[in-house]
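**Student:** predicted model, plus sequence, below.
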Amino acid sequence: MKILYSCLSKSWGGMEMLTINAIKQLLNRNYSVELICSADSRIHIEANNLGLIIHPVKAPGYFHPFTSLKISLLIRRNNYDLIHTQASKDLWLLVPALKLAGSSIPLFLTKQVGSFIIKKDFMHRFIYKRVNVVLAISEVIKNNLLETCPLAEDKIIILPNGVNTQKFDAGKVDKEKIREEFNIGEDKIVLGMLARFTPGKGHEEFLSAAVELNTKFDNLIFLIAGEASRGEEEYAEGIKKMVIDLALKNVIFTGFRSDTPEILSAMDIFIFPSHSEAFGIALVEAMSMGIPSVCTNSDGILDIVVDGKTGYLFEKKNEKDLVKQVELLLNSSTKRKEFSLAARTRAVCIYDFEILTDRVLNVYKKVIEQSN
């Protein structure tokens with residue numbers, strides 16, 4: 001099977017990283033995979049460093065006839081079995097390219113992020129009619145697709161994002177590394193969150209909850225991992241100032257870390273207070289590490305957490321409810337152990353890269369058979 005992947009994003013975040021990981025998984029299975037990407041983008045650089053076969057193009061907007069023509073020639077020349085894009089914006093280049101190439105090969109779209117724009121006009125109907133299957137990463141994204149796009153329900157399959165559960169395995173990580181780095185004693189219970197510094201991730205609720213929890217427990221550490229994206233530095237500084245204003249002495253900011261498994265291994269409870277998430281890959285990574293969690297009861301999080309089994313859910317933006325649910329775990333080491341085992345089991349059985357690669361390959365093969 002010969003696959004052409006597409007991700008023309010110029011950013012570097014979850015979608016772009018997942019694209020690279022998906023390609024690596026397919027290559028590990030000895031499938032031929034090539035990537036269309038934006039020239040000089042971060043994904044271009046990362047893919048090149050990994051030695052992937054890449055086709056960089058310039059795509060400054062939705063309509064770009066020259067780029068579509070270039071892609072059509074690529075499709076004609078290389079006889080791909082299918083095209084899979086990770087960004088709906090790419091369809092505006094890929095669909096015309098397939099038309100120009102006279103190609104009927106299947107076209108797949110993975111939808112990572114919801115939209116509030118209704119896309120049911122003539123042009124969108126033309127574009128989406130050419131898509132064979134849309135893979136939605138969560139139930140909330142599936143519902144959003146049905147509400148906003150000209151898609152029949154039978155064209156949408158829920159396929160979540162995955163993690164490398166072999167890498168995110170507490171048994172293979174030195175738990176003391178981070179605790180020693182930040183001088184966290186053995187008697188401390190670490191409550192952590194891992195998120196980009198951007199409005200809506202719930203840093204405010206996390207810190208407000210810390211104030212109240214400190215009045216009830218004297219052995220807590222609050223660990224915040226992550227950095228601000230470009231343009232969000234002011235927000236990050238505001239969160240750090242909030243720590244000073246609230247007189248919190250037991251908050252640690254780690255900044256950006258590439259050793260995510262080690263950072264997670266230092267945590268006893270993972271807090272996921274995000275206001276809105278299509279999925280929540282950091283949460284799945286924490287579950288894979290066997291960390292019990294307390295998470296908001298909204299959106300894609302509801303697909304991941306089993307309330308009362310792998311973690312507790314709390315009302316979005318409600319720090320009082322957050323405190324209540326965290327207390328349940330702090331007061332029961334038995335519950336923490338039970339949730340830890342259940343979280344790891346759920347991550348391995350549902351969100352492991354290998355399992356999800358099997359699932360997407362089965363979808364590919366079924367659609368190819370139906371197309372022939």
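**Tutor:** That came through fine. Residues are numbered from 1 along each chain as shown.

**Student:** surely Asn183 is in a strand?
**Tutor:** No - Asn183: not assigned to a strand; according to DSSP: H, G, I helix; E, B strand; the rest coil it is coil.

**Student:** count residues in the vicinity of it, would you?
**Tutor:** Per other Cβ atoms under 10 Å, the neighbour tally for Asn183 reads 9. Every residue, glycine included, has its C-beta placed from N, CA and C.

**Student:** and it, what pLDDT?
**Tutor:** In this prediction, Asn183 carries a pLDDT score of 95.

**Student:** got any ranges where this protein has weak pLDDT?
**Tutor:** Low-confidence regions of the chain, defined by pLDDT under 70, span residues 61.

**Student:** residues in contact with Cys149?
**Tutor:** Taking Cβ atoms under 8 Å, 6 or more residues apart in numbering as the definition of contact, the neighbours of Cys149 are Lys119, Lys120, His124, Tyr128, Val134.

**Student:** state the distance from the most centrally placed residue in the chain to Ile45.
**Tutor:** The C-alpha lying nearest the average C-alpha coordinate of the chain belongs to Ile281 (Cα atoms, centre = their mean; 3.9 Å). As defined by Cβ to Cβ, to the nearest Å, Ile281 lies at a distance of 21 Å from Ile45.

**Student:** which phi and psi does the closest residue to Phe217 other than its chain neighbours have?
**Tutor:** If you skip the residues right next to it in sequence, Phe217 has Leu330 as its closest partner in space, 6.1 Å away by Cβ to Cβ, 6 or more residues apart in numbering. When read as degrees, to the nearest 10, the backbone of Leu330 gives phi -60, psi -30.

**Student:** ok, Leu330 touching Ile189?
**Tutor:** Yes - the criterion here is Cβ atoms under 8 Å, and Leu330 meets it with Ile189 at 6.6 Å.

**Student:** these two: which is more packed in?
**Tutor:** Set side by side, Leu330 and Ile189 show unequal neighbour counts under other Cβ under 10 Å, the larger going to Leu330 at 20 against 17.

**Student:** the residue nearest to the centre of the chain and Asn21 touch, don't they?
**Tutor:** No - taking Cβ under 8 Å as the contact criterion, Ile281 and Asn21 are not neighbours in contact, 10.3 Å apart.

**Student:** helix, strand, or coil at the residue lying closest to His203 once chain neighbours are set aside?
**Tutor:** For His203, ignoring the flanking residues on the chain, the nearest one in space by Cβ to Cβ, 6+ apart is Ile239 at 4.7 Å. Secondary structure assignment for Ile239 (three-state DSSP): helix.

**Student:** was I right about Ile239 contacting Gly202?
**Tutor:** No - counting by Cβ under 8 Å, Ile239 stays clear of Gly202, with 10.6 Å between them.

**Student:** the two - which one has more neighbours?
**Tutor:** More neighbours surround Gly202 than the other of Ile239 and Gly202, with 25 against 19 (other Cβ under 10 Å).

**Student:** mind listing what's buried along stretch 359-372?
**Tutor:** Val360, Leu361, Val363, Tyr364, Val367 (16 or more other Cβ atoms under 10 Å).

**Student:** which one among those gets closest to Leu107?
**Tutor:** Val367 (9.5 Å; Cβ to Cβ).

**Student:** alpha carbons of the helix or strand where the closest one lies, as PDB, please.
**Tutor:** Here Val367, judged by DSSP states H and E, is contained in helix 353-371. Once side chains and other backbone atoms are set aside, the C-alpha atoms of helix 353-371 remain, and they are given as PDB (Å, rounded to 0.1, in the frame of the first residue of the first chain):
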ATOM      1  CA  PHE A 353      -0.500   3.400  18.800                       C
ATOM      2  CA  GLU A 354      -0.300  -0.200  17.600                       C
ATOM      3  CA  ILE A 355      -4.000  -0.800  18.200                       C
ATOM      4  CA  LEU A 356      -5.100   2.500  16.500                       C
ATOM      5  CA  THR A 357      -2.700   1.800  13.600                       C
ATOM      6  CA  ASP A 358      -4.400  -1.600  13.100                       C
ATOM      7  CA  ARG A 359      -7.800   0.200  13.100                       C
ATOM      8  CA  VAL A 360      -6.900   2.800  10.600                       C
ATOM      9  CA  LEU A 361      -5.300   0.200   8.300                       C
ATOM     10  CA  ASN A 362      -8.600  -1.800   8.500                       C
ATOM     11  CA  VAL A 363     -10.500   1.300   7.400                       C
ATOM     12  CA  TYR A 364      -8.000   2.000   4.600                       C
ATOM     13  CA  LYS A 365      -8.400  -1.600   3.300                       C
ATOM     14  CA  LYS A 366     -12.100  -1.600   3.500                       C
ATOM     15  CA  VAL A 367     -12.500   1.600   1.600                       C
ATOM     16  CA  ILE A 368     -10.000   0.600  -1.100                       C
ATOM     17  CA  GLU A 369     -11.900  -2.700  -1.600                       C
ATOM     18  CA  GLN A 370     -15.200  -0.800  -1.900                       C
ATOM     19  CA  SER A 371     -13.600   1.600  -4.400                       C
END
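
**Student:** and it, what does it pack against?
**Tutor:** The helices and strands touching helix 353-371, judged by 3 or more Cβ pairs under 8 Å, 6 or more residues apart in numbering; DSSP states H and E, are helix 14-28, strand 82-85, strand 107-111, strand 133-136.

**Student:** need the ones you listed in TSV (columns: mean neighbour count and distance to Glu262).
**Tutor:** Conversion of the helices and strands packed on helix 353-371 to TSV gives the following (neighbours: other Cβ atoms under 10 Å; distance: least, Cβ to Cβ, whole Å):
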stretch	mean neighbour count	distance to Glu262
helix 14-28	19	18
strand 82-85	24	32
strand 107-111	24	29
strand 133-136	22	31
